[in-house]
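Engineer: Need a 3D model of the following:
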Amino acid sequence: MTLRMSVLASGSTGNAFYIESGDEKILVDAGLSGKRIESLLQQVNIDPNELSRILVTHEHSDHIKGLGIMARRYNLPVYANEKTWHAMEGHIGKLSLDQKFHFNMEETKTFGKLDIESFAVSHDAADPMFFTFHQDGKKVALVTDLGYVSERIKKTVEDADAYIFESNHDVSMLRMGRYPWNVKRRILGDSGHVSNEDCALALTDILTDRTQRIYLAHLSLDNNMKDLARMSVRNILEERGFHIGSHLELHDTDPKQATPIYEV
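Structural biologist: Below is the predicted model of the structure:
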């Protein structure tokens, strides 16, 4: 059975990730309008009617904007941890009790043949967590919305076949940019977002020979550019002995365009 995935949207304006294993067709986060999420799924030939469930990483609007709409429209079960449920309940509209499920921090749930492991991250949300996906020896790690990459997170996500990894900002662009200082301080802080440089340095600790793809994710519209993120990450990886080429590929993500389906 093949593990298939697409980064439907990634960035400050909205995030959604799709992963598929057999009959399990899972949406992780729904941070755009329902109509937009449907359109992004159709870009990669996925019928929204075939979705099996939605997982939620945290309650920020760029991760839950269309959650209630998608869950109600397609009668989908939604999984989040208890504090996230409390934090987002007033923002997603009414869901029936039989749609609400708990996915606790540091827990592994199995859907079909897909094992999904949750792990805590440092971010200014109620109880933010992200996921690794495991099937038949394959591993995909989704790692965004964190202020820094701890040793514990590195241990959890190391040795994956594919990464969706935060490369949020260029530090110089952010420092010189138009954001007020309190916002800059939040982004640069331990519960903010990972910079291009810190993304690359974390990757050098966790990549192995099995890693084939890195998707640079959650780029800031104001404080980053795709070319700059790719160049910054590539330069550091190659300085540390990782060759970007046919075996290890760096890929962009986009807030408005889904990445083509990738078979892990």
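
Engineer: going forward, measure contacts and count neighbours with C-alpha atoms only.
Structural biologist: Fine.

Engineer: what's the neighbour count on the nearest residue to N49 once chain neighbours are set aside?
Structural biologist: Spatial nearest neighbour of N49, chain neighbours left out: Y74 (6.2 Å); criterion: C-alpha to C-alpha, 6 or more residues apart in numbering. If you count neighbours by other C-alpha atoms under 10 Å, Y74 ends up with 14.

Engineer: ok, now which ones touch Y74?
Structural biologist: For Y74, the contacting residues are P48, N49, L51, by C-alpha atoms under 8 Å, 6 or more residues apart in numbering.

Engineer: Show me what counts as buried in the longest helix seen in the chain.
Structural biologist: When the chain is parsed with DSSP state H, its longest helix is helix 226-239. Buried residues in helix 226-239, counted by 16 or more other C-alpha atoms under 10 Å: K226, A229, R230, S232, V233, R234, N235, I236, L237.

Engineer: Can you add distance to R186 and pLDDT and give those residues back as TSV?
Structural biologist: Shown next, in TSV, are the buried residues of helix 226-239 (distance: C-alpha to C-alpha, whole Å; pLDDT from 0 to 100):
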residue	distance to R186	pLDDT
K226	22	98
A229	20	98
R230	24	98
S232	22	98
V233	22	98
R234	26	97
N235	27	98
I236	25	98
L237	27	97
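
Engineer: Could you single out the nearest of those residues to R210?
Structural biologist: Sorting the buried residues of helix 226-239 by how near they are to R210, with C-alpha to C-alpha, puts L237 at the top with 15.5 Å.

Engineer: Look up how far N224 lies from the closest one.
Structural biologist: Distance of L237 to N224, computed by C-alpha to C-alpha, to the nearest Å: 19 Å.

Engineer: for P255, same thing?
Structural biologist: Separation of P255 from N224 (C-alpha to C-alpha): 13 Å.

Engineer: got it, and G93?
Structural biologist: 33 Å.

Engineer: For these two, work out which one has more neighbours and name it.
Structural biologist: Using other C-alpha under 10 Å as the criterion, G93 and N224 rank with N224 on top: 21 against 11.

Engineer: Make sure I have this right: that one is in a helix.
Structural biologist: No: assigned with DSSP: H, G, I helix; E, B strand; the rest coil, N224 falls outside any helix and is coil.

Engineer: Give me the nearest residue to it, chain neighbours excluded.
Structural biologist: Using C-alpha to C-alpha, 6+ apart, the nearest residue to N224 is H169, at 4.9 Å.

Engineer: which parts of stretch 93-112 are buried?
Structural biologist: For stretch 93-112, by 16+ other C-alpha under 10 Å, it's L95, F103, N104, M105.

Engineer: out of the residues you listed, who's nearest T259?
Structural biologist: Checking the buried residues of stretch 93-112 against T259 by C-alpha to C-alpha gives F103 as the nearest, at 26.7 Å.

Engineer: Using CSV, lay out the buried residues of helix 226-239 together with distance to N182.
Structural biologist: CSV is the format used below for those (distance: C-alpha to C-alpha, whole Å):
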residue, distance to N182
K226, 25
A229, 24
R230, 27
S232, 26
V233, 27
R234, 30
N235, 30
I236, 29
L237, 31
